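> task: produce atomic coordinates for the following.
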Amino acid sequence: MSAAAFKILTGPEWAAFERDGVFRGAPIDLKDGFIHLSTAEQLEETLALHFADQTGLVIAEIDPAPFGDALRWEASRGGQLFPHLYADLPLSAVKVHSRRD
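As a prediction, the model looks like this:
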C-alpha cells in the first residue's frame, strides 16, 4: 500500500518535531515500539477515540513510500489495516500539516 498516512501530534510534540527535525514517537508509540499512523479514512475515528477534547493538535500528512519495510500495514482496531512506522519520522517526510483546534 502506498496511500498517504497521517500522524496526529499534540502542540508540544509538533513544536519538538519542528525543533529537532525528527519525531521518535509519542508515549504510546514508544511503549508499543512503532509510530502509530492512520489512513485518511481512519483519521476521524482515531481523533475521536484517542484525542477527544484535545485542542491544538497538528495533523501531519506523510508519504509512506520512502520508508520501505519500516512501514508495515498491520491489523488493529476492528481488523482494519493501520500503517505502523518502525523507524524515526524525519520532518522532511511530512508533505503537509494542518492544525486542528
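> what is the neighbour count of the residue nearest to Ala75 when sequence neighbours are not counted?
Leaving aside its sequence neighbours, Ala75 sits nearest to Leu81 (Cβ to Cβ, 6 or more residues apart in numbering; 6.1 Å). Using the backbone N, CA and C atoms, a C-beta is placed for each residue, glycine as well. Close neighbours of Leu81, defined as other Cβ atoms under 10 Å, add up to 13.
> same check on Arg100?
So Arg100, with other Cβ under 10 Å, has 13 neighbours.
> cool, and His97?
Per other Cβ under 10 Å, the neighbour tally for His97 reads 17.
> backbone dihedrals for the closest residue to it other than its chain neighbours, please?
In space, and not counting its chain neighbours, His97 is closest to Ala60: 4.5 Å by Cβ to Cβ, 6+ apart. Ala60 adopts backbone torsions of phi -100, psi 130, taken as degrees, to the nearest 10.
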